[in-house]
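Asker: After the sequence you'll find the predicted model.
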Amino acid sequence: MTRAIWRGGISFGLVYVPVQIYPATTTRHTSFSLLDKHSIDPIGYRQINKRTGKEVARENIVRGFEYEKGKYVVLDDDEIRAANPESTQTVDILAFVDASEISFLYLDTPYYLVPERRGEKTYALLRDALSSTGRIGIASVVLHSKQHLAALVAAGGMLALDTLRWSDEVRPLDGLRLPDERASKTGVTARELDMAKKLIDDMTTAWNPDDYHDTFHDKILALVDRKIREGKTREVGTIEASAAPSTRQTAEIVDLSELLRRSLGRRNAKGGESAGDETGPAELSSPRSKRRATSSVRRSSQRTTSPRSRRA
């Protein structure tokens, strides 16, 4: 486990829980360095004036806030530091809300909260109280000299802090083309909705994050490893693209009901029933069977989705 990035406490009412904050995630980028093709020398970053194309010395670079297009207010480092929020080393809980009220759109970065010595009892009290009530603490906290809104949650046997986006950081839905929430306006029938629910139920499985992988990252690492073993550490190579999945004309599926029926039929066939049986999906208890069926449904969806609908 990495070292704690912050030591302080959680404050709500007159209760104070001394805690340490640890990063809960690790960032993994499939990054590539820019190189000179001929010498394989790294290509460095240069500070260039975007208008003149000339390099600017570091001492001649200042910070500016663009208040209108092309118009700036210059701020010096002392002015910026004075505006920074005071680091109080406290997760100050402002309110409690029902867990279901927090949209996934607002979730940002998670952190682990670990109790300091002699703080175990109050830590456990807050954790158990949140867990039993189904509530989340909405808090203010300063991390890395930046003020954050955050959600304090009970996550199994521990407390976690998830920074939240501010309300103006989540774009409004204005201007987005969305189907009407009334079924009578979308043309969705009760039968189609029932089949969709059955398909969702049949594809439902326990969440296991280890079942999912960044395949692009894995393939790049495998390619790099192979080139190293072959002594091809300076050659410029290409990655062979995977064979594109076969496609069919979209006219083959006449409507949404037919697509749902075929999706359920495919799952019935994998469960040992005939594809033409419309009595409902077979019970699939095996996660492997569910994953195979998920791939079938995805392929079916790809065959019946036009480029225009994918862009919508």
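Answerer: Good, I have the coordinates.

Asker: Could you double-check that residue 12 lies in contact with residue 126?
Answerer: Yes: counting by C-beta atoms under 8 Å, residue 12 touches residue 126, with 7.4 Å between them. In short, each C-beta sits where N, CA and C put it, glycine included.

Asker: Looking at those two now, which is surrounded by more residues?
Answerer: The residue with more neighbours, out of residue 12 and residue 126, is residue 126; 22 against 18, by other C-beta atoms under 10 Å.

Asker: what's the helix or strand for the more buried one?
Answerer: helix 120-133 (DSSP states H and E).

Asker: for that helix, packing partners?
Answerer: With contacts defined as 3 or more C-beta pairs under 8 Å, 6 or more residues apart in numbering; DSSP states H and E, helix 120-133 has these neighbours: strand 15-23, strand 107-115, strand 146-155, strand 158-164.

Asker: Now tell me what touches the longest one from outside.
Answerer: Taking C-beta atoms under 8 Å, 6 or more residues apart in numbering as the criterion, the residues outside strand 146-155 that touch it are 10, 84-85, 91, 93, 99, 102, 107-108, 113, 127-128, 130-131, 136-142, 159-166.

Asker: Please work out the average pLDDT along that strand.
Answerer: Computed over strand 146-155, the mean pLDDT rounds to 94.

Asker: rewinding a little: which of the helices and strands packed on helix 120-133 sits most buried?
Answerer: Per residue and on average, the most neighbours among the helices and strands packed on helix 120-133 fall to strand 158-164, with a mean of 20 (mean count of other C-beta atoms under 10 Å).

Asker: Residue 102 and residue 94, how far apart?
Answerer: For residue 102, the distance to residue 94 equals 14 Å [C-beta to C-beta, to the nearest Å].

Asker: Neighbour count for the two, which is higher?
Answerer: residue 102 (16 against 11).

Asker: In contact with residue 43, which residues?
Answerer: 33-36.

Asker: I'd like the distance from the spatially closest residue to residue 20 that is not a sequence neighbour to residue 73, if you could.
Answerer: Excluding the flanking residues, the one nearest residue 20 by C-beta to C-beta, 6 or more residues apart in numbering is residue 4, at 3.9 Å. Going from residue 4 to residue 73 by C-beta to C-beta gives 37 Å.

Asker: out of these two, which sits in the busier spot?
Answerer: Taking neighbours as other C-beta under 10 Å, residue 4 and residue 73 compare with residue 4 leading, 14 against 10.

Asker: Could you pull out the buried residues of the helix or strand just after the helix holding residue 126?
Answerer: Downstream of helix 120-133, the next assigned helix or strand under DSSP H and E is strand 135-143. Burial within strand 135-143, assessed by neighbour count using 16 or more other C-beta atoms under 10 Å, is assigned to 135-139, 141-143.

Asker: Just give me the closest of these to residue 205.
Answerer: residue 136 (26.0 Å; C-beta to C-beta).

Asker: list the contacts for the closest one?
Answerer: 96-99, 102, 130, 151-153.

Asker: Which members of those residues are the farthest-apart pair?
Answerer: Checking the contacts of residue 136 with C-beta to C-beta, the most distant pair is 98 and 152, at 13.8 Å.

Asker: any weak-confidence spans in the protein?
Answerer: Residue ranges of the chain with pLDDT under 70: 1, 28-32, 40-41, 44-45, 87, 234-254, 270-312.

Asker: which residues in it form helices?
Answerer: 77-83, 120-133, 183-186, 190-203, 215-229, 256-270, 287-303, 307-311 (DSSP state H).

Asker: what residues does the shortest one touch?
Answerer: This means helix 183-186. For helix 183-186, contacts defined as C-beta under 8 Å, 6+ apart pick out 179-180, 189, 193.

Asker: make it 10 Å
Answerer: Applying C-beta atoms under 10 Å, 6 or more residues apart in numbering, the contact partners of helix 183-186 are 179-180, 189-190, 192-193.

Asker: Can you flag the buried ones in the residues you listed?
Answerer: residue 192.

Asker: tell me which of the contacts of helix 183-186 is nearest to residue 120?
Answerer: Among the contacts of helix 183-186, and counting by C-beta to C-beta, the member closest to residue 120 is residue 193, at 49.1 Å.
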